[in-house]
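Colleague: What shape does this take:
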Amino acid sequence: MDQTNMIIERIAQRLSALGLSERQASLSATGSPDAIRYIRTRGAMPSAHRLQELARVLETSSAWLLGQTEDISGSVSDQVEPAEQVGSASDFSTVVDAATGPVLPRTLPIVRSERSEIKSPAEYSNIRMGLLEACTINRSEKIGWARRPPVLFGSTSAYAVYMPTVAGEPRIQSGQLFVVDPSRPARIGDTVVAYFKDKQVVDLNEPQPAYIVEYRGFIDGSHQLRQFSPFLDFHLNRAVVRELHRIMTIEDVLSV
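Modeller: Now for the predicted structure:
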């Protein structure tokens, strides 16, 4: 058996043993939902660094995935250290992997997000109840670390979130990781996290209610917003909007 097929077979074994899907393991290891599927369908040999990341999530070693050992536990030195042990969010340096070249630091916090049943207050007027997909985002609770793009080196406010609802589909898929830069003003057509005020939430360290929607402009004292799924145009008075955080596009991420 060649090495790529060995990796595919052993990844499948660990997924089954841990009760994980390819998508779950791929997101946890790389931030991309299709990393394992790409290896399996293309017969692609992963880089040394990516293989280590997959081994960490699959609770084994890259040596075992490669078929170089039958010891499923591997060695401690083979594992990738979690970001909070190798550097804080203030450590923005890029390291160089001998096999793959520069590796972006895993210092961008992934914060907890969940679908929410919070309903909009009556003063939100034109919202048809039951159609809006609300969520909560807790920026004080980190569930992991993503790779920090160079454009965010030096930023202490940026964060990443797994999409908790279907509201952004097809633009943002449920479960997809996206990056938020609060320092960038929202433009018409941008996807934003619209945090709204809720009387039950008084502590900003608690999960904050929000909609993940397209920004359509500001008219007569209200933010004009659009939810994609189910489709709904609505507005929120600026008095009830706590913050608007812009979700970065690929062009934003790759800009210098």
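Colleague: ok, Pro105 - how many residues close by?
Modeller: Neighbourhood size, Pro105 [other C-beta atoms under 10 Å]: 18. Glycine gets a C-beta too; all of them are placed from N, C-alpha and C.
Colleague: Tell me if I'm right that it and Arg147 touch.
Modeller: Yes. Shown here, Pro105 and Arg147 form a contact pair, counting by C-beta atoms under 8 Å, at 7.0 Å.
Colleague: check contacts around the closest residue in space to Val253 that isn't next to it in sequence.
Modeller: Closest residue to Val253 in three dimensions, ignoring its sequence neighbours and counting by C-beta to C-beta, 6 or more residues apart in numbering: Pro149, at 4.7 Å. For Pro149, the contact set (C-beta atoms under 8 Å, 6 or more residues apart in numbering) comprises Leu104, Leu108, Val179, Val253, Leu254.
Colleague: Report the buried members of those.
Modeller: Leu104, Leu108, Val179 (16 or more other C-beta atoms under 10 Å).
Colleague: Farthest-apart pair in the contacts of Pro149, please.
Modeller: Leu108 and Leu254 (15.2 Å; C-beta to C-beta).
Colleague: Could you tell me the per-residue confidence at the residue lying closest to Tyr38 once chain neighbours are set aside?
Modeller: Distances taken as C-beta to C-beta, 6+ apart place Ala44 nearest to Tyr38, at 5.8 Å, with adjacent residues excluded. Per-residue confidence (pLDDT) for Ala44: 81.
Colleague: separation between Ala44 and Gly144?
Modeller: For Ala44, the distance to Gly144 equals 24 Å [C-beta to C-beta, to the nearest Å].
Colleague: cool, and Ala17?
Modeller: 21 Å.
Colleague: Export the contacts of Pro149 as JSON lines, with columns for pLDDT and distance to Ser61.
Modeller: Output for the contacts of Pro149, formatted as JSON lines (pLDDT from 0 to 100; distance: C-beta to C-beta, whole Å):
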{"residue": "Leu104", "pLDDT": "77", "distance to Ser61": "23"}
{"residue": "Leu108", "pLDDT": "91", "distance to Ser61": "26"}
{"residue": "Val179", "pLDDT": "96", "distance to Ser61": "30"}
{"residue": "Val253", "pLDDT": "88", "distance to Ser61": "31"}
{"residue": "Leu254", "pLDDT": "84", "distance to Ser61": "33"}
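Colleague: Need the residues you listed in a markdown table (columns: distance to Ala48 and secondary structure).
Modeller: Formatted as a markdown table, the contacts of Pro149 follow (distance: C-beta to C-beta, whole Å; DSSP: H, G, I helix; E, B strand; the rest coil):
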| residue | distance to Ala48 | secondary structure |
| --- | --- | --- |
| Leu104 | 15 | coil |
| Leu108 | 22 | strand |
| Val179 | 25 | strand |
| Val253 | 24 | helix |
| Leu254 | 24 | helix |
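Colleague: got those as a markdown table, with distance to Gly217 columns?
Modeller: Output for these, formatted as a markdown table (distance: C-beta to C-beta, whole Å):
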| residue | distance to Gly217 |
| --- | --- |
| Leu104 | 34 |
| Leu108 | 29 |
| Val179 | 23 |
| Val253 | 24 |
| Leu254 | 26 |
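Colleague: can you pull out the helices in the stretch 1-150 of the chain?
Modeller: 3-18, 22-30, 35-42, 48-57, 62-65, 83-86 (DSSP state H, counting those that start in this stretch).
Colleague: Since that was my last question, I'll sign off now.
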